[in-house]
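K.L.:
Below are the sequence and a predicted model; questions follow.
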Amino acid sequence: MERVVITGIGAVTPVGIGADNTYDALMAGRSGAGPITLFETDERFPTRIAAEVKGFNAADWMEKKHLKECSRFIPFALASTKMALTQANLGLTDEEREGVGVFIGVGMGGLESLQECSLTLDHKGPKKISPYLIPSLIANMAAGQVSIAHGFGGPSFAHTSACSSSAHAIGEAFRWIQYGRSDVIVAGGAEATIAGIGIAGFSAMFALSRRNNEPERASRPWDVDRDGFLCGEGSGTLILESLTRAQRRGATILAELKGYSATSDGYHITKPAPSGRGAVRAMGLALKDAQLAPTDIDYLNAHGTSTPAGDLAEAQAIMSVFGSHATDRKLWISSTKSMTGHLLGAAGAVETAVCVQALRRGAVPPTINLDNQDPNCPLDFVPHVGRERRLRHVMSNSFGFGGTNATLILSQFEP
């Protein structure tokens, strides 16, 4: 099978535009949380805070005439993809361009467009609905618009599996290249659900933090006072390339994608399985796929959303898989969601890009707001301050509603 390498990364996140800006902010422990500004909130909303992308102008990344075709998640995807492609500098021939695939995971698509057009339908009738409504909100149009913008003729998919969406997209792209189906795939995720309907829906499930007076302290994975996650938004894109092609063109290789697995809890629509058994299988199978032992993993970018049940289940799963390597604190673990909030379908892609940066720079971002660690989660979550360490192999977890799990393993590239 082909080895698969990463030659470009891009990110749009609540803490920065660009993969470098995002990573630097995370290492500084900077939160992207604040009061919601994308729509007007009032006391009827139990949660009035989120982690919004700031300073983003869609017209900087796409033609203005096409803005009417897009919900907010699509320009995010176009932006992070353009950054990643610029870094990768693929030098595609026309024939190669016909084979480039685009796999972009999206959890929910254009919620704000759906909400706005629902109001238009109620108040003004069906004749006032925009002909761009459906193309603007359906999940596959992040991949579709990227393919159109760059003239890519390979497979174009939207992997939709809740908060595992973009991790699955990257993992499945990995398989396509491994099996020789493509030499280059643009893989990642995009999400923008900070709309009234999205915040109200998650609030109705009691999934969101209600720490409205302290937004920067609201996302607090593994802290005893955690009370739910914080909605984030943004996108992440990675350029995956066969090692054969990357070496042939003399590419700068950022990291190697070594392992991937996908499992299901088969248990509940929102609750994790007891003791994180689905996560245990996901991590174990990814290690087997990468042909690595648990002791080979130096850093784990955890799912770590700041929910009471989810954080505990993931900690139990990590202890089950890694044993003393984790409990003796040789494995460093952190949740960058403590700063970015939960980017839902885009989380896995952004966090994989963070793992690439950690491998290259030799430093692990912290988990902020971990003031009083849950004694049932006795692991090293790198509280408050990032740390330097030579990293060889890193893991990234993504788990979603419906019991869907994905784990990715990245490594320093060795010829």
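P.N.:
Looks like it came in fine.

K.L.:
How about His150: what's its closest non-neighbour residue?
P.N.:
Leu85 (7.0 Å; C-beta to C-beta, 6 or more residues apart in numbering). C-betas here are computed from N, CA, C, even on glycine.

K.L.:
got a pLDDT number for the one you found?
P.N.:
Confidence at Leu85, expressed as pLDDT, is 98.

K.L.:
what about it, which SS state?
P.N.:
Here Leu85 is recorded as helix under DSSP: H, G, I helix; E, B strand; the rest coil.

K.L.:
What's the separation between it and Ile9?
P.N.:
Leu85 sits 10 Å away from Ile9 when distances are taken as C-beta to C-beta, to the nearest Å.

K.L.:
quick one: buried residues of stretch 320-339?
P.N.:
Neighbour counts over stretch 320-339 (16 or more other C-beta atoms under 10 Å) mark 320-322, 325-326, 331-339 as buried.

K.L.:
tell me, what residue is most central in this structure?
P.N.:
Ala347 (1.9 Å; C-alpha atoms, centre = their mean).

K.L.:
what's near enough to touch it?
P.N.:
163, 166-167, 189, 191, 232, 303, 337, 398 (C-beta atoms under 8 Å, 6 or more residues apart in numbering).

K.L.:
Just the residues you listed: which are in strands?
P.N.:
189, 191, 398 (DSSP state E).

K.L.:
top of those residues by neighbour count?
P.N.:
Per-residue neighbour counts (other C-beta atoms under 10 Å) across those peak at Gly189, which has 40 neighbours.

K.L.:
which residues touch the closest residue to that residue other than its chain neighbours?
P.N.:
Spatially, and ignoring its direct neighbours in sequence, Gly189 is nearest to Ser166 (2.3 Å; C-beta to C-beta, 6+ apart). Remark: with contacts taken as C-beta under 8 Å, 6+ apart, Ser166 is in contact with 104-106, 159, 187-190, 236, 345-350, 352, 398.

K.L.:
ranges for the helices of the stretch 101-250 of the chain?
P.N.:
111-124, 133-137, 141-150, 165-178, 196-204, 243-248 (DSSP state H, counting those that start in this stretch).

K.L.:
Buried deepest among those, which one?
P.N.:
helix 165-178 (a mean of 27; mean count of other C-beta atoms under 10 Å).

K.L.:
Could you tell me the angle between that helix and helix 141-150?
P.N.:
With axes from the mean of the first three to the mean of the last three C-alpha atoms, to 10 degrees defining the directions, helix 165-178 sits at 50 degrees from helix 141-150.

K.L.:
Quick check: mean pLDDT of helix 165-178?
P.N.:
98.

K.L.:
try stretch 384-404
P.N.:
On average, the pLDDT along stretch 384-404 is 98.

K.L.:
Flag every buried residue along that stretch.
P.N.:
Quick answer for stretch 384-404 (16+ other C-beta under 10 Å): 386, 391, 393-404.

K.L.:
on that earlier part again, mind listing which of the buried residues of stretch 320-339 are in strands?
P.N.:
332-334.

K.L.:
Just put those residues in TSV and tack on pLDDT and distance to Val146.
P.N.:
Shown next, in TSV, are those (pLDDT from 0 to 100; distance: C-beta to C-beta, whole Å):
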residue	pLDDT	distance to Val146
Trp332	98	34
Ile333	98	32
Ser334	98	30
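
K.L.:
Now render the residues you listed as a markdown table, adding distance to Leu78.
P.N.:
Shown next, in a markdown table, are these (distance: C-beta to C-beta, whole Å):
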| residue | distance to Leu78 |
| --- | --- |
| Trp332 | 34 |
| Ile333 | 33 |
| Ser334 | 29 |
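
K.L.:
ok, those residues vs Thr263, which is closest?
P.N.:
Nearest to Thr263 among those is Ile333, at 19.6 Å by C-beta to C-beta.

K.L.:
Which residue, other than its chain neighbours, is closest to that closest one?
P.N.:
Leu300 (4.6 Å).

K.L.:
was I right about the one you found contacting Trp332?
P.N.:
Yes. The criterion here is C-beta atoms under 8 Å, and Leu300 meets it with Trp332 at 7.4 Å.

K.L.:
what's the helix or strand of the chain with the lowest mean pLDDT packed up against?
P.N.:
Taking mean pLDDT, DSSP states H and E as the measure, the chain has helix 111-124 as its least confident helix or strand, at a mean of 92. Packing partners of helix 111-124 (3 or more C-beta pairs under 8 Å, 6 or more residues apart in numbering; DSSP states H and E): helix 133-137, helix 196-204.
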